[in-house]
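Enquirer: Prediction below, plus the sequence it came from.
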Amino acid sequence: MSTRLFYEHESDSRIMFKKDKKELEGWTESLEYINQELDFLIDIENLMLNDANLYAQLLAMRRENTLKSGAMYRYETAMRNAKECDDMACDAFYLNNHEKHRNLYLEHLRNYRALKGKVLSKILLNAKR
């Protein structure tokens, strides 16, 4: 049985707030999972690849992931103030802020996937030798 997220009697701004909050929960969950994957990729790099440059990139990505996670958690806290909006300018501010965080998350995800692909392709290349 699924839980209903939106109701007909809710205002558009309330629906947008709930949608944005749910989306943010997905981003933070994804960043937590990426952190776990990075720990595995760093261990794999240490055991199998021994590539100092790749190791440094993985450490930098883990640091960046930690920073992005922190930013998302701070945004989640700040987002509570969006409930208090009572005009279009306030709504627009929070909408623009949400879009900024979405773009930061998506850019980070692209960068992470590229690095993960690099690690996996290097593992395959080593396995073929």
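Expert: Received, thanks.
Enquirer: need the contact list for the closest residue to residue 69 other than its chain neighbours.
Expert: Closest residue to residue 69 apart from its sequence neighbours, by CB to CB, 6 or more residues apart in numbering: residue 31 at 4.5 Å. Yep, even glycine has a C-beta here, placed from its N, CA and C like the rest. Counting by CB atoms under 8 Å, 6 or more residues apart in numbering, residue 31 makes contact with 65, 68-69, 72, 105, 108.
Enquirer: From these, which land in helices?
Expert: 65, 68-69, 72, 105, 108 (DSSP state H).
Enquirer: Could I get those residues in CSV, plus columns for distance to residue 10 and neighbour count?
Expert: What follows is the ones in helices among the contacts of residue 31, written out as CSV (distance: CB to CB, whole Å; neighbours: other CB atoms under 10 Å):
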residue, distance to residue 10, neighbour count
65, 34, 19
68, 30, 22
69, 30, 18
72, 25, 22
105, 26, 21
108, 31, 22
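Enquirer: is it possible to export those residues to JSON lines including pLDDT and distance to residue 121?
Expert: JSON lines is the format used below for the ones in helices among the contacts of residue 31 (pLDDT from 0 to 100; distance: CB to CB, whole Å):
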{"residue": "65", "pLDDT": "98", "distance to residue 121": "21"}
{"residue": "68", "pLDDT": "98", "distance to residue 121": "24"}
{"residue": "69", "pLDDT": "97", "distance to residue 121": "26"}
{"residue": "72", "pLDDT": "97", "distance to residue 121": "29"}
{"residue": "105", "pLDDT": "98", "distance to residue 121": "24"}
{"residue": "108", "pLDDT": "98", "distance to residue 121": "20"}
